[in-house]
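# Give the three-dimensional model of this entry:
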Amino acid sequence: MNKKERIQTPALLLNIGQMNKNITDIIKFAKQHHINYRPHIKTHKCIEIAKRQIQAGAIGITVATVGEAERMVHGGIDNILIAFPVSAEEKLQRILQLMNRAKIIVAVDSMEQATLLNRFFKNHQQTVNVWIKVNAGLNRCGVEPNNEVVQLAKHITKLDALLLDGIFTHAGHAYTATSNKMLEQIAREEADAVLTSAKRCEQVDIKITHKSIGATPTFKHAGKVTGITEIRPGNAVFYDMVQVSLNVANLEQCALSVVATVASVKNNRAIIDAGSKTLALDKGAHGNESISGHGYIVEYPQLVIERLSEEHGVITGLGVESLQINERLTIIPNHACTVANLFDYYTVVQDGTIVDKWPVDARGQLS
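The predicted structure is shown next:
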């Protein structure tokens with residue numbers, strides 16, 4: 001009995017063999033260019049996968065929220081960058097508790113936030129490592145890589161409870177790239193934003209040890225630039241249809257899929273038991289619209305998941321009426337990160353056989 005006949009759907013399938021290949025590929029790249037690997041776990045939110053990344057050679061992890069950091073620390077991970085500028089006292093109290101068990105690095109992108117961090121940790125007789133986040137063009141968080149970064153760095157060095165030793169960025173706008181040339185240009189700008197910022201700081205005698213870049217579409221370009229010390233790709237552990245559309249990965253490299261069942265076949269359409277609460281409505285991060293539909297159907301590439309309700313996926317296309325009720329379909333999601341966060345566990349498959357179930361430990365940890 002094959003894997004799709006043995007599980008209730010919708011189910012989240014993880015091809016462990018392909019995931020291991022993806023991790024090995026990233027580690028090989030990092031070693032080749034003498035840089036560190038600090039994966040962003042917001043993609044998988046899974047302690048088991050984070051441990052496998054570290055066992056393969058990652059120096060630690062990146063998280064988006066304090067809640068994700070808590071789950072990872074409880075799972076034994078002890079080196080974590082929180083890549084979101086946190087300043088609320090309630091969250092700082094939680095970070096303080098984590099610092100008893102792990103090295104925690106906090107992102108900073110304003111003088112106001114730095115002052116709040118300093119006040120809190122000084123009151124608790126603690127010193128916290130901080131990295132400045134710079135804006136490489138995504139126009140989200142981050143100071144500009146010019147006088148703004150120097151002003152913030154100078155401010156931080158005057159604060160007793162903060163230790164500045166890194167600068168990082170995330171070129172999420174790479175997802176809007178319409179060509180390889182455009183993608184490579186964004187990657188060069190990403191690396192330059194970090195290196196220019198570090199150089200400006202060092203010109204005023206502020207040493208920056210860690211120079212870190214992220215984003216799965218750009219890490220193999222920006223990571224080659226001399227001076228960069230770290231990469232933080234998240235999605236590259238799985239890959240998905242957005243990465244395929246950007247020519248960053250091919251279909252065979254996609255380690256994550258959703259198995260759904262055909263529930264109904266009507267005139268010119270079929271319905272599966274995977275809707276927006278399974279596949280998510282995200283058709284591409286930060287504006288990418290180069291993909292068609294809400295996932296790629298492996299068995300029937302010509303068919304399109306045209307629209308989603310909460311529990312219903314509507315499939316159209318040439319030959320859709322030949323689908324059979326209870327037929328199982330394998331779907332590569334558009335955006336693996338958002339899909340993983342919708343499931344309680346991964347059904348782990350190796351060579352077509354179910355071998356384990358791994359919890360999505362940090363699922364829903366948004367605060």
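
# okay, now Trp358: neighbour count?
The tally of other residues near Trp358 (other C-beta atoms under 10 Å) stands at 17. To be clear about C-beta, it is placed using only N, CA and C from the backbone, and glycine gets the same treatment.

# what is it paired to in the beta sheet?
For Trp358, the beta-bridge partners under DSSP bridges are Tyr346.

# Ok, His210 next?
Counting by DSSP bridges, His210 forms beta bridges with Gly166.

# what do you get for the one 4 residues further on?
Beta bridges link Gly214 to Arg232, judged by DSSP bridges.

# Now do the contacts for it.
By C-beta atoms under 8 Å, 6 or more residues apart in numbering, the contact set of Gly214 is His40, Thr62, Ala83, Phe168, Thr169, His170, Ala171, Ile231, Arg232, Pro233, Gly234.

# now, which of these sits nearest Gln126?
Of all those, Gln126 sits closest to Ala83, with 20.5 Å by C-beta to C-beta.

# got the contact list for stretch 153-163?
Contacts with stretch 153-163, where a contact means C-beta under 8 Å, 6+ apart, come from 108, 111, 114-115, 117-122, 126-130, 132, 164, 201, 204, 206.

# Looking at these, which are in helices?
In helices, defined here by DSSP state H, the members of the contacts of stretch 153-163 are Met111, Ala114, Thr115, Leu117, Asn118, Arg119, Phe120, Phe121, Lys122, Cys201.

# which ones are touching the fourth one?
Listed by C-beta under 8 Å, 6+ apart, the contact partners of Leu117 are Ser87, Leu92, Val106, Val108, Val128, Val130, Leu159, Ala161, Leu162.

# Please type out the PyMOL selection for whichever of the residues you listed turn out to be buried.
Those of the contacts of Leu117 that count as buried under 16 or more other C-beta atoms under 10 Å are selected in PyMOL with:
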select buried, resi 87+92+106+108+128+130+159+161+162
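
# Between which two of the ones in helices among the contacts of stretch 153-163 is the distance greatest?
Phe120 and Cys201 (24.0 Å).

# Distance from the chain centre to the helix or strand encompassing Ala153, please.
Applying DSSP states H and E as the criterion places Ala153 in helix 147-157. On the basis of C-alpha atoms, centre = their mean, to the nearest Å, helix 147-157 sits 28 Å off its chain's mean C-alpha point.

# Show me what counts as buried in it.
Glu148, Val149, Val150, Leu152, Ala153, His155, Ile156.

# The spatially most central residue of the chain and Ile208, how far apart?
When C-alpha atoms, centre = their mean is applied to the chain, the residue found nearest the centroid is Gly234 (3.3 Å). Separation of Gly234 from Ile208 (C-beta to C-beta, to the nearest Å): 23 Å.
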